[in-house]
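Q: show me the folded form of this:
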Amino acid sequence: MRVRLPAVDPPESLSDRHVGLTASVFADLGVEPGDVVGVSGDRRTAAVVERVDGERGGIRLSKSIRRNAGVDRGDTVVVEPTDVSVASTLTLRLEQAVDVTRVADALRRRLGGTAVSIGDEIEATLLGGALALTFVVDAIEPSSPAIVGDRTEVVVVDPDTADVVDDPPPRDADHVVPAATYRRLHGAVSTRLDAADAFEGAGLSATLGLLLHGPRGSGKTTLVETVAAAVDATLVRTSATDLRDASAGDRGERLDRVVGAASDADRAVVLLDDLEVLAADGGSASTIGDRLRTTLDDLRATEGTVVVGVTADVGSVPDALRRGGRFDREIAVEPLDIDERRAALEAISRDVPFGAAADLDGVATRLNGFVLADVAALIDVAFERAVRRDGRTAVGQSDLDHAIDAVEPSGLRDVAVEFPSVAWDDVGGLEAAKREVVRTVYWPLEYAEYLERVGVEPPSGVLLHGPPGTGKTLLARAAASLSDANFISVNGPELLDRYVGASEQAVRDLFATARENAPAVVFFDEVDAISPKRRGDDTGAGERVVSQLLTELDGLEPLTDVVVVAATNRPDVIDEALLRPGRIEKTVETPLPDEPARREILRIHARDTPTATSVDFDALAARTAGYSGGDLAALVREAAMLAIEGSITDEGRNGDLTVDVDHFERAVAETTPSVSDAPEGDGAFQW
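A: I've put the predicted structure just below:
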């Protein structure tokens, strides 16, 4: 059944993504509120229907739905019932060139429960109404129209890439792959194979060489296998590890068979795996590299062929292979975002029983730096713990928490990384420093779109300087925790190496890891040790490290979602070039705490300590002038140890454990300010 109705304005109570029909039209169409109807004018769209009061009178259409149906107010539209499914994937093309990182969840919530069709325009206001964007529906899986559900994957593409819509990657346990990298690889491979004649007609190579690199366990090989299947190409593979273990004659024979198999196929994807072994010392690796050059040249001369080299260490691949005509292009496996980590958890654990309290969404947010193999290891560790606990096999939240702590993320294995849980409430005083750190560290990670709208680049870093123990590290950890960023801590002297080039390589690797596992806060403690003022005759590791730091901060490779925080007690000895705008341009002092700050710090450190009501923290703060935050923490700790000492008797425990005035008096007598120029105390405490 279909009806023809004029388009009229909707009541204010009607959602702009729904259409309104009167009771008589509901009866004519045989639909119920919440069903989906097709609305056809110059083009066809779909929407969820709601019942409105009044006579037959027309169909209530919002301005956005009239635009999608290609009609104006008063035009006649055809309305009919439509069967729809829940979309598994919704691809939206952004009409404006705006960075929309992290908006997929907001769009899913905005569109949840509504019907969409290919070609629909969708207007959305984000960030509390501060940002108005227009999207066009480019693709819907499995079919159009469809309903947007809680599990619909929303993919946003920008105007530069929206003309090519790739199939979404599979989500089964055997083929979980990073979606963003899949789309890049799939687009490059399918375009070259499908449009080979066009490239030849333009005088360009019809074949392609790609170098795919990423941490071990990130799904590189599976990515190539999945893309080859998606483009209906024959997959031909060999491994540099197998070639290394083979004799010279067998090695040449294997590579000749690879070239022959690619030549025999109409469409071929050739996988050269484990190329990191080419960095090994000895004649074998060198011989393999030489032989691979010849093979790669032969493959690039074979029609209908794309060659994909795979390595865990892009620096291990010889420069002779990383040039035009061989591996023309390099693609890094992008880190899994929260939605992909959630999908990986579901796919890998599809047969694993979970307890009612297990929160996979919460777990996914905590897996920064985890690659697919790490997610599989996490599920394995959690299930093993559940099995060992009283014979139960339902995985609980405590099992998942244990596994997160036990499994070290592959992407961060070579650096000291933390997932800090420090809240601002744990940082006493330092209000001015907190404000600057929030602006410099938190805002670029959470509100990058605001900075882009006002046309400014976010600061690359901030220098915290002040006496020891004044909370520099604590501030950096709190800022990282606030934005759920990885916290990569580096002690300055650790980067110095007596071997030429080793220190610079350590800096390059550090920033490469941070980029791959963004959002990240890189914290350089004792930064003065690696950034001393340079002199013309200085050729030591310190000057080389400064030069490399400047190269990284200058953005030859963008520091997207990476913020540098440095700390020092000696800002006067740091090379001025490091502190120029565009580098570590913001300097923030962390001074010794004043009396109100000392009171707050004492209460923070004593909040979990059983303290007698007679202890007066106001008086204690007044009498500890010159104490740093670290000194105050040590004072509370010493008072607690004295209380423990008093509660332990020759007969054992007496059960009473309270830190009282006497314990604090004795602790003050046994502690002193750690800063040499701190003012002296002025006698015993008066309670």
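Q: let me see the backbone angles for the closest residue to residue 85 other than its chain neighbours.
A: Of all residues not flanking residue 85 in the chain, residue 146 sits nearest, at 5.6 Å (C-beta to C-beta, 6 or more residues apart in numbering). C-beta coordinates here come from the backbone N, C-alpha and C atoms, glycine included. Backbone torsions of residue 146, given as degrees, to the nearest 10, read phi -160, psi 160.
Q: and the gap between residue 146 and residue 58?
A: Here residue 146 is placed at a distance of 26 Å from residue 58 (C-beta to C-beta, to the nearest Å).
Q: between those two, tell me which one has more neighbours.
A: For the pair residue 146 and residue 58, the greater number of neighbours falls to residue 146 (24 against 20), based on other C-beta atoms under 10 Å.
Q: how about the strands in the stretch 51-200 of the chain?
A: Applying DSSP state E, counting those that start in this stretch to the stretch 51-200 of the chain gives strands spanning 59-60, 76-81, 85-86, 89-94, 115-116, 121-126, 131-141, 146-147, 153-157.
Q: correction: the stretch 501-650 of the chain
A: Assigned by DSSP E, counting those that start in this stretch, the strands in the stretch 501-650 of the chain fall at 520-525, 562-568, 586-589, 648-649.
Q: residue 294: which of those strands is closest?
A: Nearest to residue 294, of all these, is strand 562-568, at 39.7 Å by C-beta to C-beta.
Q: what helices and strands are in contact with the closest one?
A: Applying 3 or more C-beta pairs under 8 Å, 6 or more residues apart in numbering; DSSP states H and E, one finds that strand 562-568 contacts strand 461-465, helix 472-482, helix 502-516, strand 520-525.
Q: format the ones you listed as TSV; extra columns: mean pLDDT.
A: Converted to TSV, the helices and strands packed on strand 562-568 look like this (pLDDT from 0 to 100):
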stretch	mean pLDDT
strand 461-465	86
helix 472-482	77
helix 502-516	77
strand 520-525	82
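Q: any chance of the ones you listed in JSON lines, plus distance to residue 104 and mean neighbour count?
A: Shown next, in JSON lines, are those (distance: least, C-beta to C-beta, whole Å; neighbours: other C-beta atoms under 10 Å):
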{"stretch": "strand 461-465", "distance to residue 104": "29", "mean neighbour count": "25"}
{"stretch": "helix 472-482", "distance to residue 104": "22", "mean neighbour count": "24"}
{"stretch": "helix 502-516", "distance to residue 104": "21", "mean neighbour count": "19"}
{"stretch": "strand 520-525", "distance to residue 104": "21", "mean neighbour count": "26"}
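Q: how about the ones you listed, which one is nearest residue 664?
A: In terms of C-beta to C-beta, the element of the helices and strands packed on strand 562-568 nearest to residue 664 is helix 472-482, at 22.8 Å.
Q: would you mind getting the angle between that closest one and strand 520-525?
A: Relative orientation of helix 472-482 with respect to strand 520-525: 180 degrees, computed using axes from the mean of the first three to the mean of the last three C-alpha atoms, to 10 degrees.
Q: residue 248 is nearest to which of the helices and strands packed on strand 562-568?
A: Closest approach to residue 248 among the helices and strands packed on strand 562-568 (C-beta to C-beta): helix 502-516, 32.0 Å.
Q: return that closest one as CSV; C-alpha atoms alone will do.
A: What follows is helix 502-516, C-alpha atoms only, in CSV (Å, rounded to 0.1, in the frame of the first residue of the first chain):
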residue,chain,number,x,y,z
ALA,A,502,72.9,5.3,19.1
SER,A,503,71.5,8.2,21.1
GLU,A,504,69.9,9.8,18.1
GLN,A,505,68.4,6.4,17.1
ALA,A,506,67.0,6.1,20.6
VAL,A,507,65.3,9.5,20.3
ARG,A,508,63.9,8.6,16.8
ASP,A,509,62.5,5.2,18.1
LEU,A,510,61.0,6.9,21.1
PHE,A,511,59.0,9.4,19.1
ALA,A,512,58.1,6.8,16.5
THR,A,513,56.6,4.6,19.3
ALA,A,514,54.7,7.6,20.7
ARG,A,515,53.2,8.4,17.3
GLU,A,516,52.2,4.8,16.8
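Q: and it, what does it pack against?
A: Judged by 3+ C-beta pairs under 8 Å, 6+ apart, helix 502-516 is in contact with strand 486-491, strand 520-525, helix 541-553, strand 562-568.
Q: returning to what we had before: and the gap between the residue nearest to residue 85 and residue 461?
A: According to C-beta to C-beta, residue 146 and residue 461 sit 45 Å apart.
Q: quick revisit: reformat the helices and strands packed on helix 502-516 as TSV; add distance to residue 638.
A: What follows is the helices and strands packed on helix 502-516, written out as TSV (distance: least, C-beta to C-beta, whole Å):
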stretch	distance to residue 638
strand 486-491	27
strand 520-525	25
helix 541-553	38
strand 562-568	25
